[in-house]
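**Q** What would the 3D arrangement of this be:
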Amino acid sequence: MWSILSVSAGALIVVIVVTLILYWYVRDITQKRHTILRNYPVIGHLRYFLEQLGEYFRQYFFLGDRDEMPFDRATRAWVYRLAKNEGGTIGFGSTYDLHKPGGLLFVNAPFPILDEDRSPTPALSIGERHCRTPFVAKSLVNVSGMSFGAISKPAVQALTRGAREAGCWVDTGEGGLSPYHLEGGCDLIMQIGTAKYGVRDADGQLSRARLRELAAIDSVRAFEIKLSQGAKPGKGGVLLAAKVTAEIAGIRGIPVGVDSISPNRHPEIANMDQLLDRVMEIRDLTGKPVGVKTAIGGWEFMYALADAIGRRGLEAAPDFLVVDGGEGGSGAAPQALADHMALSITEALPRVADALIEAGLKERVRLIASGKLVTSARVAWALACGADFVNTARGFMFALGCVQALRCHTNTCPTGVTTHRTDLQRGLVVEEKYLRVAQYCVNLNREIDMIAHSCGLRHAREFRREHVREVQADGRSIALNRLFPYPEHRQSMHTQA
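**A** This next block holds a predicted model:
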């Protein structure tokens with residue numbers, strides 16, 4: 001009896017399998033969209049399957065520790081060790097190529113600073129003497145803009161709790177202020193994107209009433225007008241429909257389940273004077289520092305900004321400027337823009353710092369750098385170039401457990417960082433990951449100071465360009481102050497290409 005049933009069940013399975021194969025065969029050979037499947041029905045699916053898995057297998061089996069993009073395995077492993085509090089010590093020797101063009105080398109002092117002579121890295125005030133409630137920022141490294149929507153609820157919760165523990169700020173990103181940002185109790189910078197998410201009225205315009213509400217929240221320390229970001233300059237934010245849940249739509253003030261695509265610029269800001277008008281308006285309304293975030297494509301922006309401030313006075317200046325390099329990341333961006341628009345932070349940052357020095361604005365406008373600055377060496381380089389602070393998003397994503405699966409825009413992130421699927425978010429345990437966020441930040445700041453002490457400096461704010469050398473195409477290094485000589489302070493600025 002049982003043997004007959006077993007044979008019948010087996011036969012049924014065979015019939016089902018054969019039927020499915022015949023179905024796929026007929027469907028493949030008659031469809032007109034895919035050449036491979038039309039010519040090689042059924043087995044052609046293997047090609048697409050292997051292609052899909054290829055990018056994930058390469059990072060583990062076929063690429064060297066320093067080969068992968070956008071972040072190689074050695075860099076990710078470094079961040080993971082800092083986040084797990086395992087230290088940055090290695091054995092036998094480094095795999096870092098000292099002769100690769102663009103490599104960074106620091107000038108070690110013959111007599112480095114002793115432990116007892118070291119000084120704490122000083123905090124810096126943002127907006128002092130120019131707004132009613134300036135912001136005193138302590139950490140060199142802070143969390144860059146990542147919207148609730150682009151990243152998940154537990155990711156926001158872990159980031160904000162970890163930031164409070166480490167003493168750094170979190171930029172909300174352009175998706176608005178969510179309840180999960182406030183849960184953590186950390187310092188927040190409220191970003192105002194081109195769609196005014198979280199600060200818009202019923203007509204999509206900037207809401208003065210909403211700005212006052214946000215300014216009344218103690219943890220909201222400053223406001224940031226986002227003009228563009230390095231991953232997609234010239235295009236607004238992109239949040240695909242699959243990630244626009246009812247909760248996210250409510251926070252942003254947009255329809256549920258519809259692609260959320262911001263305008264490519266603020267419609268009411270078409271020139272430098274209108275930008276400074278908006279800066280002053282928000283600062284007067286909120287009493288808190290107001291800054292600007294932008295990618296840099298050339299020198300026109302900085303010279304136009306300096307000229308406008310020169311005409312109008314220091315009161316008109318933004319309290320901080322966030323410069324995002326063309327290598328910056330995003331949850332979703334057109335490849336044409338991500339690959340080819342805006343200067344790299346390596347070129348943009350020194351030039352922006354020079355423009356502020358030339359205009360006598362370096363002490364007035366705090367300079368924040370962003371764009372693949374996830375290691376202590378890259379942060380130290382940015383400080384030497386003239387940055388006051390560094391923002392990183394992907395560094396903190398790695399601290400949360402990101403494995404660079406490259407699925408940020410698909411709502412299928414395997415580590416729960418950039419998905420709103422609760423089954424995948426389950427893997428991101430806030431009580432565990434917030435500690436890793438804090439440890440990454442604290443240990444990164446500690447390593448930056450370690451590099452400074454090795455250069456003979458008491459703390460990291462003493463970095464200057466002469467402390468860094470950059471490897472050139474011939475394999476030899478040159479001091480950064482020779483690549484980018486410090487400019488002289490000039491009374492007027494003139495636009496140039």
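
**Q** could you dump stretch 214-231 to PDB, C-alpha only?
**A** Output of stretch 214-231 as PDB, limited to C-alpha atoms (Å, rounded to 0.1, in the frame of the first residue of the first chain):
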ATOM      1  CA  LEU A 214      11.800  71.900  15.400                       C
ATOM      2  CA  ALA A 215      13.900  74.700  16.800                       C
ATOM      3  CA  ALA A 216      12.100  74.200  20.200                       C
ATOM      4  CA  ILE A 217      13.500  70.700  20.400                       C
ATOM      5  CA  ASP A 218      16.800  70.900  22.400                       C
ATOM      6  CA  SER A 219      18.500  68.000  20.600                       C
ATOM      7  CA  VAL A 220      18.000  69.700  17.200                       C
ATOM      8  CA  ARG A 221      21.200  71.700  17.300                       C
ATOM      9  CA  ALA A 222      21.400  73.100  13.800                       C
ATOM     10  CA  PHE A 223      19.800  73.200  10.300                       C
ATOM     11  CA  GLU A 224      21.400  72.300   7.000                       C
ATOM     12  CA  ILE A 225      20.200  73.400   3.600                       C
ATOM     13  CA  LYS A 226      21.100  70.600   1.200                       C
ATOM     14  CA  LEU A 227      21.800  71.900  -2.300                       C
ATOM     15  CA  SER A 228      23.300  68.600  -3.600                       C
ATOM     16  CA  GLN A 229      25.300  65.500  -2.600                       C
ATOM     17  CA  GLY A 230      28.300  63.900  -4.100                       C
ATOM     18  CA  ALA A 231      26.600  60.800  -5.300                       C
END
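
**Q** which ones are touching Val244?
**A** Gly149, Ile254, Pro255, Val256, Gly257, Val258, Asp259, Ser260 (CB atoms under 8 Å, 6 or more residues apart in numbering). For every residue, glycine as well, the C-beta is placed using N, CA and C.

**Q** Mind putting the residues you listed into TSV with secondary structure, distance to Ala242 and pLDDT?
**A** Converted to TSV, those look like this (DSSP: H, G, I helix; E, B strand; the rest coil; distance: CB to CB, whole Å; pLDDT from 0 to 100):
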residue	secondary structure	distance to Ala242	pLDDT
Gly149	coil	11	84
Ile254	coil	14	81
Pro255	coil	14	83
Val256	coil	11	85
Gly257	coil	8	83
Val258	coil	11	82
Asp259	coil	9	80
Ser260	strand	11	77
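
**Q** which one of these has the most neighbours?
**A** Counting neighbours by other CB atoms under 10 Å, Gly149 comes out on top of those with 28 neighbours.

**Q** List the residues that contact that residue.
**A** Contact partners of Gly149, counting by CB under 8 Å, 6+ apart, are Gly175, Leu239, Lys243, Val244, Ile248, Ile251, Arg252, Ser260.

**Q** likewise Thr194?
**A** Neighbour list for Thr194: Glu174, Lys226, Gly236, Gly237, Ser262, Pro263, Asn264, Arg265, His266, Pro267 [criterion: CB under 8 Å, 6+ apart].

**Q** any idea how far it is from Glu174?
**A** 8 Å (CB to CB, to the nearest Å).

**Q** So which residue is dead centre in this protein?
**A** The centre of the chain sits closest to Ala393, judged by CA atoms, centre = their mean, with a distance of 3.3 Å.

**Q** rewinding a little: now, among the contacts of Val244, which is nearest to Leu435?
**A** Gly149 (24.8 Å; CB to CB).

**Q** Output the below-cut-off pLDDT ranges for this protein.
**A** 1-7, 35-36, 48, 50-69, 91-93, 230-232, 234-237, 329-333, 490-497 (pLDDT under 70).

**Q** Scan it for its longest helix.
**A** Assignment by DSSP state H gives helix 2-30 as the longest helix of the chain.

**Q** is it true that Ser219 touches Glu183?
**A** No. Judged on CB atoms under 8 Å, Ser219 makes no contact with Glu183 at a distance of 10.3 Å.

**Q** Contact partners for the residue nearest to the centre of the chain?
**A** Residues near Ala393 by CB under 8 Å, 6+ apart: Val143, Ser144, Gly145, Met146, Gly329, Ser370.

**Q** quick one: the second one and Val417, what's the gap?
**A** In this view, Ser144 and Val417 are 14 Å apart by CB to CB.

**Q** Can you get me a residue count around the nearest residue to Glu268 once chain neighbours are set aside?
**A** Residue nearest to Glu268 in three dimensions, not counting chain neighbours: Gln274, with 6.7 Å by CB to CB, 6 or more residues apart in numbering. Neighbouring residues of Gln274 were enumerated by other CB under 10 Å; the total is 13.

**Q** mind checking which helix or strand Gln274 is in?
**A** Assigning secondary structure by DSSP states H and E places Gln274 in helix 272-286.

**Q** same check, this time on Gly360
**A** Using DSSP H and E, Gly360 sits in no helix or strand.

**Q** With Val403 instead?
**A** Remark: Val403 resides in no helix or strand, with elements defined by DSSP H and E.

**Q** So the closest residue in space to Lys32 that isn't next to it in sequence: helix, strand or coil?
**A** Distance criterion CB to CB, 6+ apart; nearest residue to Lys32, sequence neighbours excluded, is Arg38 at 7.1 Å. What DSSP: H, G, I helix; E, B strand; the rest coil gives for Arg38 is helix.

**Q** Please work out how many residues are found near Arg38.
**A** By the other CB under 10 Å criterion, the neighbourhood of Arg38 contains 14 residues.

**Q** my guess is it contacts Val26, does it?
**A** No. With contact defined as CB under 8 Å, Arg38 does not count as touching Val26 (11.7 Å).

**Q** Break this protein down into its structural domains.
**A** Listed by automatic domain parsing, the domain ranges of the chain are 2-62, 117-483.

**Q** can you give me the strands in the stretch 1-150 of the chain?
**A** Under the criterion DSSP state E, counting those that start in this stretch, strands of the stretch 1-150 of the chain are mapped to 104-106, 124-126, 135-137, 141-143.

**Q** Just say which of those is most tucked in.
**A** With neighbours defined by mean count of other CB atoms under 10 Å, none of the strands of the stretch 1-150 of the chain is more surrounded on average than strand 141-143, at a mean of 26.

**Q** what packs against that one?
**A** Taking 3 or more CB pairs under 8 Å, 6 or more residues apart in numbering; DSSP states H and E as contact, the helices and strands that strand 141-143 lies on are helix 153-166, strand 169-171, strand 389-392, helix 430-454.

**Q** Can you give the distance of that strand from its chain's centre?
**A** Relative to the centre of its chain, strand 141-143 is centred 10 Å away, using CA atoms, centre = their mean, to the nearest Å.

**Q** Give me the contacts around it.
**A** The contact list for strand 141-143, computed with CB under 8 Å, 6+ apart, reads 159, 163, 168-171, 368, 379, 389-393, 395-396, 441, 444-445, 448.

**Q** Equivalent analysis for stretch 210-219, please.
**A** Contacts made with stretch 210-219 from outside it, assessed by CB under 8 Å, 6+ apart, are listed as 177, 182, 185-188, 190, 198-201, 220, 223, 282, 285-288.
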